[in-house]
Structures are given as C-alpha cells and as structure tokens.
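Participant: The sequence and its predicted three-dimensional model are supplied below.
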Amino acid sequence: AQTVTQSQPEMSVQEAETVTLSCTYDTSESDYYLFWYKQPPSRQMILVIRQEAYKQQNATENRFSVNFQKAAKSFSLKISDSQLGDAAMYFCAYRTYPTQGGSEKLVFGKGTKLTVNP
Amino acid sequence: ETGVTQTPRHLVMGMTNKKSLKCEQHLGHNAMYWYKQSAKKPLELMFVYNFKEQTENNSVPSRFSPECPNSSHLFLHLHTLQPEDSALYLCASSQVHRGAGGYTFGSGTRLTVV
C-alpha cells in the first residue's frame, strides 16, 4: 500500500526567510504524481505544486519549488521569501494509478502546520 | 470559488437525525470523492465515483450512504451517526486519466454530532 509520511508536525519561519517541508512516500509503482496542497484556516485545499515522477527536473511555481529525489522517495517543498499568507497546513499527496483494477486516488500525509512570524 | 461547492458549510446533528451533505462541481470532471478529515489524522478517503459509478468504498460504516446521480453532483446521506463521526467532510473532483492534475476540493462541511 502506498503511504505518505510528513515527519514535521509543525514548522515556523520568519517572514522573508526560506523554509523546507519534508515528505517521504512509499510505493512500488514507477509512474505516479506527487502534490503539495495548502489548507489555510478557510479550510480550502489549494494545490500548490505538482511533480510527475517521470520528470527529473524539479517543479517550480513562483516562490514554491520541490526537491524530488525519486530513488530516495523524497519530495520536499521549499518556500522562498515566506509571506504571512503562507501560514497554513501543508499536505503532501501521492496520486495512484492502479494497473490491476481499482480506483485511482490521492493519498495524503498527516500534514505540517506552518507558522510565519512577522 | 474553486468550481467545487459544498453545502452546508456547518452542520450540527443529533445521533438520531438524518441529514445530507451536498457537493456540486462545475469543472466537467468525471470523478468525485468524499474525504473525512479528523484532527491529527491523515485525510481518509471514503468513497470514489468514476463516471457516476462507485468504484471504491473504503470500509466506511453503513451509516454513511453516498449518492451520485450524475457526474456533477455527489451527496453523502447521514443517519444515526456517532460523536466520533464529527469531522470536516471534504468533497473533491478530478479528471480520471493519466496526465491529469490534482484534485479540486470544496471548502468542506464541518459536521458536529451531539
């Protein structure tokens, strides 16, 4: 079974600084997608960034970038120039594409609560 | 507005009540999902619907009954719930094929069972 592990329940960062959130996953599949979602107090789950496993190049979206290490099954999120609006729960997720029937689905880690200090 | 709308936003119900959660997506997606989010636990996938057909039931108790009348609407019917069912219930939709993006989520229904 696929699992996603976020080992940091909470993190904090000073405004304008850089922070890295960790994520590891376990899978036997070779083709999959990885995601980082943000959930602010409004509860809306917002897609931050995604990475295709077949791509070696790390994805970037403005101040957000990932460090994807496929062999190590690691997928960390780096937030540069942190802003107060970045404060939220961050969830790492893995999207499965079963090859032997069943449903494709998104499996989440437990999340990391990010606090941004002014 | 993300394209996935959930109602109601908050719901308080007694253990003997019957209520329904509603989810509607305006994105043309062909799959819809119910997730349960409890404190200090990962999001738990409850049900998956592909093209209106239920393709996964993750050992969810029968007091939760999903309904998907068409690809745009998803319901979760609730009856005789327990206090431990109190949680945030999130609906999501996606396009099911390789290369598709992530899921689009609604804002959730905060359910309190008293």
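Facilitator: Good, I have the coordinates. Numbering: from 1, shown residues only, chains lettered A, B, ... in the order given.
Participant: Considering helices and strands only, name the one in chain B with the lowest mean pLDDT.
Facilitator: strand B:53-57 (a mean of 77; mean pLDDT, DSSP states H and E).
Participant: Could you list the residues in contact with the next helix or strand after that strand?
Facilitator: Toward the C-terminal end, the helix or strand that comes next after strand B:53-57 (DSSP states H and E) is strand B:64-70. Around strand B:64-70, the neighbours that count as contacts under CB atoms under 8 Å, 6 or more residues apart in numbering or on different chains are B:32, B:34, B:46-47, B:49, B:52-54, B:74-79, B:85. C-beta coordinates here come from the backbone N, C-alpha and C atoms, glycine included.
Participant: what sits opposite the closest residue in space to residue B:56 that isn't next to it in sequence in the beta ladder?
Facilitator: Sequence neighbours aside, residue B:48 is the residue nearest to residue B:56 in space, at 3.8 Å (criterion: CB to CB, 6 or more residues apart in numbering or on different chains). In this entry, residue B:48 is beta-bridged to residue B:33, residue B:56, by DSSP bridges.
Participant: Pull the contacting residues for residue B:48.
Facilitator: Taking CB under 8 Å, 6+ apart as the definition, contacts of residue B:48 comprise A:103, A:105, B:31-33, B:54-56.
Participant: Whichever of those residues end up buried, select them in ChimeraX.
Facilitator: Restricted to the buried members of these, where burial is judged by 16 or more other CB atoms under 10 Å in any protein chain shown, the ChimeraX selection command reads as follows:
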select /A:103,105 /B:31,32,33,55,56
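Participant: and of the contacts of residue B:48, the nearest to residue A:23?
Facilitator: residue A:105 (17.4 Å; CB to CB).
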